[in-house]
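Novice: Return a 3D structure for these sequence lines:
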Amino acid sequence: MSEYHETYEAWRRDPEGFWADQAKEISWDKEWDTVLDTSTYPNGQWFAGAMCNTAYNCLDRHVDGGRGDQPALIYDSPVTGSSKTYTYAELRDEVATLAAVLEDMGLSAGDRAIIYMPMIPEAAMAMLACARIGVIHSVVFGGFAAHELATRIDDAKPKAILLASCGIEPGRVVAYKPLVDEAIAQAGHKPDRCLVLQREMEQAEMTARDLDWAACIDTARTSLRKADCVSVKATDPLYILYTSGTTGQPKGVVRDNGGHMVALNWSMKAVYGVDAGDVFWAASDVGWVVGHSYIVYGPLLAGCTTVLYEGKPVGTPDAGAFWRMISDYDVRVLFTAPTAFRAIKQQDPDGDLVGKYDLSAFKMLFLAGERADPPTVQWAEDRLGVPVIDHWWQTETGWAIAANPAGLGLLPVKHGSPTVPMPGYDVHVLDDAGHEVASGETGSIAVKLPLPPGCLPTLWENDARFREAYLDEFPGYYKTADAGFRDEDGYLFIMARTDDIINVAGHRLSTGGMEEVLAAHKDVAECAVIGVADDLKGQLPLGFVVLKAGADRAADEIERECVALVRHEIGPVAAFKTVVVVKRLPKTRSGKILRGTMSKICDNEEWKMPATIDDPAILDEITAAVTERGYASGRNQ
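Specialist: Below you'll find the predicted structure:
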């Protein structure tokens with residue numbers, strides 16, 4: 001029987017006592033004065049008054065406790081043909097040396113550093129080195145374009161940028177240094193230094209601002225320089241991670257040190273069912289929240305062996321890549337996005353490659369980042385013969401809002417549901433007026449305040465925007481901006497976003513941000529971007545543009561330019577490939593573009609003519625345009 005209900009009720013009876021008990025698993029330099037202080041930040045602060053260090057708890061604590069020879073980090077890179085394993089003692093020494101380099105560069109507690117690196121060990125070391133000396137890191141995914149990086153530079157105001165010379169994609173090398181240089185040129189804030197890791201595939205051209213990573217590490221080693229752990233407040237920021245911003249002001253999610261450690265350490269055992277010494281693999285990227293929580297911090301806090309993979313689910317070299325990794329390293333639990341499994345299924349529909357590998361150590365698959373569609377879950381269950389667990393969380397929460405908790409005893413699986421709320425999350429389904437809806441009825445999903453440890457206390461230097469974005473619409477609740485329902489057994493079903501964020505292969509992207517880019521094209525008068533269903537990536541953006549009067553060039557030429565513009569400004573991660581020139585956009589009489597109706601038309605869903613539409617004939621034009629492009633046209637009821 002699952003211990004879930006008993007555990008959840010224990011949290012309900014005494015929320016602060018519950019988390020204080022979990023906090024005993026963490027090493028504190030000074031214990032807290034208050035478990036939860038609600039007098040300052042809008043959402044309160046956990047373990048106020050406590051002093052701690054996250055890197056110490058991830059590394060030194062295990063070395064001191066006798067686990068120094070245990071593998072801490074396994075790096076495997078099919079794109080470069082290399083691999084390496086670091087023990088806890090080796091990783092601690094690498095991190096302490098890099099932290100000394102950062103100190104020598106003038107960084108100290110409270111400063112910010114941006115990390116712009118591919119999936120290599122030095123990316124995780126950079127995060128932990130910042131944490132070791134109290135520097136707040138902000139990892140920016142290497143696929144983001146210069147403009148997006150520039151907005152983050154201006155918001156975080158980093159003293160330094162840590163970067164690699166390049167990233168490796170199947171069949172091509174992506175030079176990072178020119179992107180960083182362009183971003184710094186665009187940004188109003190100028191970092192003092194860039195620490196550049198030269199990879200042999202692409203050597204970066206250095207400037208007076210740049211320091212060579214390897215040379216600096218050698219100097220520190222020669223002088224036996226290692227940085228000690230700096231004690232910081234539990235409520236001090238550990239990192240800033242930007243999410244769902246438009247091309248204007250990004251939203252910098254703040255993660256604290258103390259509550260973050262407590263929540264992630266608890267989740268490793270309770271949610272994922274792993275213990276110290278187990279091999280845990282989150283097949284994600286350190287640029288995303290999954291990489292923060294479950295490649296770097298969570299597994300190392302729990303004393304697990306974590307896997308850092310520089311490759312893809314398919315094409316590096318084939319659709320058996322994940323099975324090879326599980327077999328080579330005795331992976332117990334894999335956590336990835338449903339997109340990865342859709343790609344594997346597309347390439348190897350019968351799962352023939354699964355049988356070529358020894359998966360005897362493999363116990364469980366977790367999926368998150370987007371809705372796990374039941375056919376993909378069923379396919380994975382049938383081919384792998386292990387539990388396949390969907391769970392739901394967000395960049396803002398840092399760990400699972402709802403899950404099927406493996407460490408507490410799995411509950412019966414319902415395909416399409418991430419199961420039940422985790423302790424700490426009092427989840428409600430509300431109508432537009434903030435009233436609870438009936439079981440089975442779709443509404444806005446909200447979490448009653450306060451949020452548990454590990455969730456964002458606020459946005460970086462923007463409490464007002466935090467309130468506006470998350471708290472104001474439903475007073476007393478955190479608005480998830482997801483819509484769904486709860487069934488008669490209390491299982492949650494997450495069905496859609498309630499705002500303009502679309503989910504492309506697990507990456508939450510703002511259609512509003514793409515519209516801003518399209519609107520900047522010299523021939524575009526107005527535009528709209530919607531998300532359309534895609535079998536592989538979940539959703540893909542589709543752009544519509546209305547041209548300015550007098551724009552007499554060929555429509556296909558303008559469409560190509562628009563696609564190129566979005567890919568340059570937002571980055572390839574947007575998967576933006578299609579723009580359709582139309583004569584006009586469907587709108588309400590008040591001027592609101594009917595994006596929801598357009599999405600239904602493209603996704604071949606039934607739709608009703610909106611009562612407030614300005615000109616019904618426009619929807620006929622949209623239907624004809626998208627049908628011509630190969631999208632199924634929805635049926636007007």
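Novice: If you count neighbours, what's buried in stretch 516-533?
Specialist: 516-518, 521, 523-524, 526-533 (16 or more other Cβ atoms under 10 Å). The way it works is simple: take the backbone N, C-alpha and C, and place the C-beta from them, glycine included.
Novice: contacting residues around that stretch?
Specialist: Contact with stretch 516-533 is made by 246-248, 502-504, 511-512, 514-515, 539-549, 551, 553, 558, 561-562, 565-566, 569-570, 579, 585, 593, 595, 598-599, 602-603, 631, as judged by Cβ atoms under 8 Å, 6 or more residues apart in numbering.
Novice: before we move on, the earlier item: and the buried residues of stretch 516-533, which is the shakiest by pLDDT?
Specialist: Minimum pLDDT across the buried residues of stretch 516-533 is recorded for Glu516, with 78.
Novice: what about that one, which SS state?
Specialist: helix (DSSP: H, G, I helix; E, B strand; the rest coil).
Novice: end to end, how far does stretch 266-285 reach?
Specialist: 22 Å (Cα to Cα, to the nearest Å).
Novice: What residues sit buried inside that stretch?
Specialist: 266-274, 276, 278-285.
Novice: Please compute how far the lowest-mean-pLDDT helix or strand in the chain lies from its chain's middle.
Specialist: In the chain, no helix or strand scores lower on mean pLDDT, DSSP states H and E than strand 507-510, which sits at a mean of 72. Strand 507-510 has its C-alpha centroid displaced from the chain centroid by 9 Å (Cα atoms, centre = their mean, to the nearest Å).
Novice: One more: stretch 491-510?
Specialist: For stretch 491-510, the distance to the chain centre is 12 Å (Cα atoms, centre = their mean).
Novice: ok, now stretch 34-49?
Specialist: 25 Å.
Novice: any idea of the mean pLDDT for that stretch?
Specialist: For stretch 34-49, the mean per-residue pLDDT is 91.
Novice: buried sites along it?
Specialist: 35-37, 41-49.
Novice: tell me how far the ends of it are from each other?
Specialist: With Cα to Cα, one end of stretch 34-49 sits 7 Å from the other.
Novice: any idea which element Glu148 lies in?
Specialist: Assigned by DSSP states H and E, Glu148 belongs to helix 146-156.
Novice: what packs against that helix?
Specialist: strand 112-116, strand 136-139, helix 177-186, strand 237-243, strand 251-256, helix 555-569 (3 or more Cβ pairs under 8 Å, 6 or more residues apart in numbering; DSSP states H and E).
Novice: Contacts for the longest one, please.
Specialist: Helix 555-569 has contacts (Cβ under 8 Å, 6+ apart) with 145, 147-148, 247, 514, 517-518, 520-521, 523-524, 541, 543, 545, 547, 551, 574, 576-581.
Novice: Count the residues that sit near Glu169.
Specialist: Neighbourhood size, Glu169 [other Cβ atoms under 10 Å]: 16.
Novice: residues in contact with it?
Specialist: Each residue near Glu169 by Cβ under 8 Å, 6+ apart is listed here: Val79.
Novice: again, 6 Å this time
Specialist: Under the criterion of Cβ atoms under 6 Å, 6 or more residues apart in numbering, the contact list for Glu169 is empty.
Novice: Look up which residues are beta-bridged to it.
Specialist: Glu169 has these beta-bridge partners by DSSP bridges: Arg172.
Novice: Ok, Val579 next?
Specialist: Gly543.
Novice: Make sure it is actually in contact with Gly543.
Specialist: Yes. Distance between Val579 and Gly543: 4.1 Å, which falls inside the contact criterion (Cβ atoms under 6 Å).
Novice: The two - which one has more neighbours?
Specialist: The neighbour comparison of Val579 against Gly543 (other Cβ under 10 Å) goes to Val579, with 28 against 24.
Novice: Check what pLDDT the more buried one gets.
Specialist: 95.
Novice: now do Met1
Specialist: With respect to pLDDT, Met1 scores 67.
Novice: what sits against Leu264?
Specialist: Neighbours of Leu264 in contact, by Cβ under 6 Å, 6+ apart: 293, 297-298, 301.
Novice: count of neighbours near Asp33?
Specialist: The local packing of Asp33 (other Cβ under 10 Å) involves 10 other residues.
Novice: same deal with Tyr8?
Specialist: 21.
Novice: which residues does the closest residue to it other than its chain neighbours contact?
Specialist: Closest residue to Tyr8 apart from its sequence neighbours, by Cβ to Cβ, 6 or more residues apart in numbering: Pro423 at 5.3 Å. Neighbouring residues of Pro423 by Cβ under 6 Å, 6+ apart: 7-8, 11.
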